[in-house]
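J.: I would like to see how this sequence folds:
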Amino acid sequence: MNLGQVMNAFAGVMILASLALAHYHHPYWLWFTAFVGANLFQSAFTGFCIPAMIFKKFGVKPGSAFN
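T.: You can find the predicted model right below:
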């Protein structure tokens with residue numbers, strides 16, 4: 001998997017986990033869903049994404065989305 005695929009999978013897992021936590025624990029977990037969405041939105045324009053930098057340090061090969 002390249003970095004773009006890993007980031008898409010990571011964002012999807014974070015969104016699904018926060019939705020499950022909001023459903024089963026407390027609705028305030030939806031703020032985490034909003035945070036993930038806002039991070040995805042800003043990274044589309046700036047290319048800056050902290051999780052992408054972390055995954056690069058773990059040796060995930062860059063793809064076309066995140067260089």
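
J.: going forward, measure contacts between C-alpha atoms and count neighbours the same way
T.: OK.

J.: tell me how far the host helix or strand of Gly12 is from the chain's mean position?
T.: Assigned by DSSP states H and E, Gly12 belongs to helix 3-24. Relative to its parent chain, helix 3-24 has a centroid offset of 7 Å by C-alpha atoms, centre = their mean, to the nearest Å.

J.: what residues sit buried inside stretch 48-64?
T.: 52, 56, 60, 62 (16 or more other C-alpha atoms under 10 Å).

J.: still on that earlier bit, any buried residues in the helix or strand following the helix holding Gly12, and which?
T.: Later in the chain than helix 3-24, the nearest helix or strand by DSSP H and E is helix 30-46. By 16+ other C-alpha under 10 Å, the buried positions in helix 30-46 come out as 30, 32-33, 36, 39-40.

J.: could you find the closest non-adjacent residue to Pro27?
T.: Leu21 (7.8 Å; C-alpha to C-alpha, 6 or more residues apart in numbering).

J.: again, but for Ile15
T.: Using C-alpha to C-alpha, 6+ apart, the closest residue to Ile15 is Thr33 (5.4 Å).
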